[in-house]
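Visitor: Any chance you could fold what I've pasted below:
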Amino acid sequence: MYVILHVIFFGTINVNCWNSILNFIMKRFFTFLSIFTLLNSLNAQAPAKNTAASSRPLWVGLDFGGTWQTSDMKPQAGIGWGITLSRYSKLDKKGPLYYGWRFRFLDGRSYGYNYHRLYGLDADPVLSAGATNYHTPTATNDGYVFSNYKFRFDEFAGEFIVGCNGLRKRGILLYGFGGLGFTHWRTMTNQLDANANKYDYSTISTSGNDDKVQAELETIWNNGNYETVAHGSVSSGQWGLMPSLGFGMGYEFANSFAVGFEHRTTWALNDFIDGSNHLSNSLSTGSNDLYHYDGVFIRWTFGSNSTTDNSNTANTPRPPNPNNFPNNNPTPPPINTITNTTVPETTYPANYNQTTGPPPSVNFQVPSVNPYTATVPSQQLVIQVLNITASNQISLLVNNQANSNFSFNASTNTMVLTANFQNGTNVYQVTAANQFGSANDIQTINYGAPSVHPTSSLPPQVTITNPAANPFTSLVPTLSVVATVLNVTTVANVQVRRNGISVSNFSFDPNSHIVTVPASLSVGSNLYEVIGSNNFGSASDNVTLIYNPVVAPLPPVVTITSPVSCPYSVKTVVNSIHANITNVTTANQVSIVFNNQPITQFTFLNNGLNSSVKFDVTLLPGSNPFTVTGTNAVGSNTKSCALILKSIQAPPAEVPPTVTILTPSANPHISTTSTFVVVAEVMNVTLANQITVKTLAGTNVPFTFNLSTHAVTFTANLLNGSNYYNVTATNSAGTASDNTTINYVATIPSSNPAPVTPDIINNNQATISPVIIILISPAAASSASSNQTLPVSMTVNGINASNEIRVRVNGALLSNFAYNNSTHLLTFNANLTVGGNTIEVRAQNSSGIATQVLTVTYAAPVRKPTPKTNTPKTTPTKTNTPKNTSKTIETPKVISKPKLL
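Guide: Numbers count the residues shown, from 1 in each chain. As a prediction, the model looks like this:
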């Protein structure tokens, strides 16, 4: 029961907690079972309880519990419930086992998620495309997710049951079962927040602390709601044939009621019910998923469940009372001693009639209160009369005078009469009779002049007259509730409640006996009660006011969801366009124009207030404009966008990495401080795990890598003497490295220290101007050229020499450039290739790095064809030259320490 309450109030429960609770239940149950068996063996001579049924009754069961998975993620338990319909055989046999069959309906849901990053998303079409594309690396994500799922299922299964017959005869249920069923299931994943944006998983801790990771994941996932259909599922759900096994235990009371506990495991026969089937290396996990259900049940039986009992005594049944009247002096049945297996025959009285039936029932329906005060001289009265078949079984007295002016409908059991009231008190008595008895009801109706009884001697009467219907639906937030309260004289005798809470903003007129309540309604149901009380009692009436405000219609709003930006450049000819449109319900309220042509073939899905459209288009080279318009009775809304088809070029071959240590600029370098910040430039890598920084002893040194500046930065903790550091970068095209040696010379303070020049100390101590790059030619950072050779010039301020400048054309280092220290002018010629070209100039001093990037498109001029000259073909000689992009690692030079004064 703890498990059930935990799931209800806390939503999920850790699987380890489930296992602990199940182990506790199992251990305690078998302990109790052993004690119970021992006590029964000691009392073996006592007659056993015979619960064997002489027929095969039908058992109906309800169960409730928790569900969880054995799959590729850490499971979190959900809730489940079910209905069973069972029938058993061999319950009255002496064999050790009984058998049965059962139909089961089971509904449930379970959850799960990963504490660790999952890569290899190219194996998951959901997480590698569309709004949930985590596969493409970004600035905060290099192609991973933290997986999660919500699994919902409905199962219809047939099961075969085998149980222990000996224990069952003593009331103990212990059985196993197996079956096969059809399961309708769907798995969703939460990978978008409330604004349909991807989660930023870079903030999740990588410390390996599962509790910390769980708390951080739950914090960001609280913004989402399992909006995405997971890999392997479809939005409408799907059917699967799945086998199951389980066991149960419980206790049966009086052959007709049982309670107990069951565990059940179902084999899904697929690896998709948790929404994932691959590892971080994109390979399949190789194992299918299972889901489990643990629940408590109650069962009861319909049908005969009589027993055959060979006891030593028997009771002769006592006949029922033949006159159907209470027996005020009941006589206990005689006890006959049985000396053989013949049971004495019971003799009933001659006048005993075994045929019985229900007596009539009479109840005034209108009016519903008694006594009732009428405000009109004539009114229709409605009486419910049950268990009669004709109007001649009814008699009516009006003020003690017989009256037959009424009608009776046997099919609706309704008697109707029109009453004409006299001033004063009018008494109506209706009596009905059948062969099994009679019944009556009396209604008092006061009309006109007050009753002869003084008001002070009667209890109150309360009738709500406005609104006339109960419940009443209002379209406005305020209305007046009016009630008549008789037999009270002051407002102190009247109380008004709204949703069970007393209110004081009402008025009472003692002359007209009218109570008026200005009701302020909340959206939904509002219960108002009017209560009157005096020394002789109290009375009340109530009305339920349902406030459904009228919502003003809104014009449509169109939101283009794919492409994600406008205009949007693509390289594929065929593309799908998606849009959401609010406040439209049919496809004829949507119009689409693409390249100035209407689109009539599109998919429209009505999701309520937010509908969606989808259509496929074939692009022409260049810009392809389109518009989506939604229209309703209030107005219309249009959104425009364009898809730009770019020419498709083969991706450039990957370039080997390059490594250049920028700081310190000298190698070896002398430092008089124990720490030194080393900066290296590493090109043509994208991830930090493609870079290593090591000492001469091979120890890894922590570092940071900035992809946008290509800078590797680490702090060297220096020892006296020589300190060697090597930076290595690797990609699929090759490996490169660079190294530096820093000689640390500790200084000893003296009374007359010699001045130290900035060249001797760490360059961070000198004040250096920042690097500034100003483009001169070409005039813009993005341009086009019809010449293959492009002259480039710019000013570079803040550096002292050309070795502080790096120039790259299409990723290749360019060394033949000129830099004038006086004018700070940098000039060089860039050799362009057909198509897009990238020129990068980077300058650095100890204060930082500055970068200027140019994008130049080169279109080769169209040349007239040259006549071909047929020459004999020669077989070219092919020479394979091994590629080596690694720098030679120099043996660090040891510089002798200078003598210190």
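Visitor: Listing request: residues of the stretch 551-700 of the chain with sub-threshold pLDDT.
Guide: 648-652 (pLDDT under 70).
Visitor: Can you report how many residues lie near residue 536?
Guide: Here the count is done by other CB atoms under 10 Å, and residue 536 has 12 residues near it. Quick note: C-beta positions are derived from backbone N, CA and C, even for glycine.
Visitor: so it makes contact with residue 458?
Guide: Yes. When contacts are counted by CB atoms under 8 Å, residue 536 is listed as touching residue 458 (6.2 Å).
Visitor: any residues in contact with both of these two?
Guide: residue 487 (CB atoms under 8 Å, 6 or more residues apart in numbering).
Visitor: Average pLDDT for the helix or strand hosting residue 258, rounded please.
Guide: Here residue 258, judged by DSSP states H and E, is contained in strand 257-267. Model confidence over strand 257-267, given as mean pLDDT, is 95.
Visitor: Can you tell me the strand partners of it and which way each runs?
Guide: strand 238-253 (antiparallel), strand 290-302 (antiparallel) (DSSP bridges).
Visitor: Next, the buried residues of it.
Guide: Neighbour-count burial for strand 257-267 flags 258, 260, 261, 262, 263, 264, 266 (criterion: 16 or more other CB atoms under 10 Å).
Visitor: Does the third one touch residue 297 like I think?
Guide: Yes. With contacts defined as CB under 8 Å, residue 261 counts as touching residue 297 at a distance of 7.4 Å.
Visitor: Quick check: neighbours shared by those two?
Guide: With CB under 8 Å, 6+ apart as the test, residue 261 and residue 297 both reach 248, 250.
Visitor: Show me which of the buried residues of strand 257-267 is closest to residue 510.
Guide: residue 258 (63.0 Å; CB to CB).
Visitor: For that closest one, name its beta-bridge partners.
Guide: What pairs with residue 258, by the bridge criterion (DSSP bridges), is residue 252, residue 299.
Visitor: With residue 560 instead?
Guide: residue 579.
Visitor: so it makes contact with residue 641?
Guide: Yes. Using CB under 8 Å, residue 560 is in contact with residue 641, at 5.4 Å.
Visitor: so what sits against both of the two?
Guide: Contact criterion CB under 8 Å, 6+ apart; residues shared by residue 560 and residue 641: 566, 577.
Visitor: Break down the chain into its helices, ranges please.
Guide: With helices called from DSSP state H, the chain shows them at 2-10, 15-42, 165-168, 210-221.
Visitor: Okay, domains of this protein per the record?
Guide: Annotated domains of the chain cover 2-302, 361-447, 455-547, 558-645, 658-765, 772-858 [automatic domain parsing].
Visitor: If you average pLDDT over each of those, which is lowest?
Guide: domain 2-302 (a mean of 81).
Visitor: Next, the buried residues of stretch 562-574.
Guide: The neighbour-count check on stretch 562-574 (16+ other CB under 10 Å) flags residue 563 as buried.
Visitor: which residues are contacting that stretch?
Guide: 130-131, 560, 575-578, 616-619, 623, 640-646, 648.
Visitor: If the residue nearest to residue 591 when sequence neighbours are not counted is in a bridge, with which residues?
Guide: Of all residues not flanking residue 591 in the chain, residue 629 sits nearest, at 4.6 Å (CB to CB, 6 or more residues apart in numbering). Applying DSSP bridges to residue 629 gives these bridge partners: residue 591, residue 638.
Visitor: just checking, residue 629 touches residue 613?
Guide: No. Applying CB under 8 Å, one finds residue 629 not in contact with residue 613, separated by 10.5 Å.
Visitor: Mutual contacts of the two, please.
Guide: Taking CB under 8 Å, 6+ apart as the criterion, residue 629 and residue 613 both touch 590, 592.
Visitor: between the two, who's got more neighbours?
Guide: Using other CB under 10 Å as the criterion, residue 629 and residue 613 rank with residue 613 on top: 23 against 18.
Visitor: gap between the more buried one and residue 628?
Guide: According to CB to CB, to the nearest Å, residue 613 and residue 628 sit 7 Å apart.
Visitor: which residues do these two both contact?
Guide: Common contacts of residue 613 and residue 628 (CB under 8 Å, 6+ apart): 579, 581, 590, 592.
Visitor: Mind putting these into CSV with distance to residue 509 and neighbour count?
Guide: Shown next, in CSV, are the shared contacts of residue 613 and residue 628 (distance: CB to CB, whole Å; neighbours: other CB atoms under 10 Å):
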residue, distance to residue 509, neighbour count
579, 61, 23
581, 56, 26
590, 59, 21
592, 66, 19
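Visitor: farthest-separated two in those residues?
Guide: Longest span within those, CB to CB: 581 and 592, 10.7 Å.
Visitor: which residues are in contact with both of the two?
Guide: Residues touching both residue 581 and residue 592 (CB under 8 Å, 6+ apart) are 613, 628.
Visitor: Would you mind finding the most buried of the strands paired with strand 257-267?
Guide: Ranked by mean neighbour count under mean count of other CB atoms under 10 Å, the strands paired with strand 257-267 are led by strand 290-302, which reaches a mean of 19.
Visitor: and which of the shared contacts of residue 613 and residue 628 is nearest to residue 365?
Guide: Looking across the shared contacts of residue 613 and residue 628 and measuring by CB to CB, the closest to residue 365 is residue 581, at 51.5 Å.
Visitor: Distance of the closest residue to the closest one other than its chain neighbours relative to residue 579?
Guide: Of all residues not flanking residue 581 in the chain, residue 630 sits nearest, at 4.0 Å (CB to CB, 6+ apart). Taking CB to CB as the measure, residue 630 falls 9 Å from residue 579.
Visitor: Which neighbours do those two have in common?
Guide: Common neighbours of residue 630 and residue 579, counting by CB under 8 Å, 6+ apart, are residue 558.
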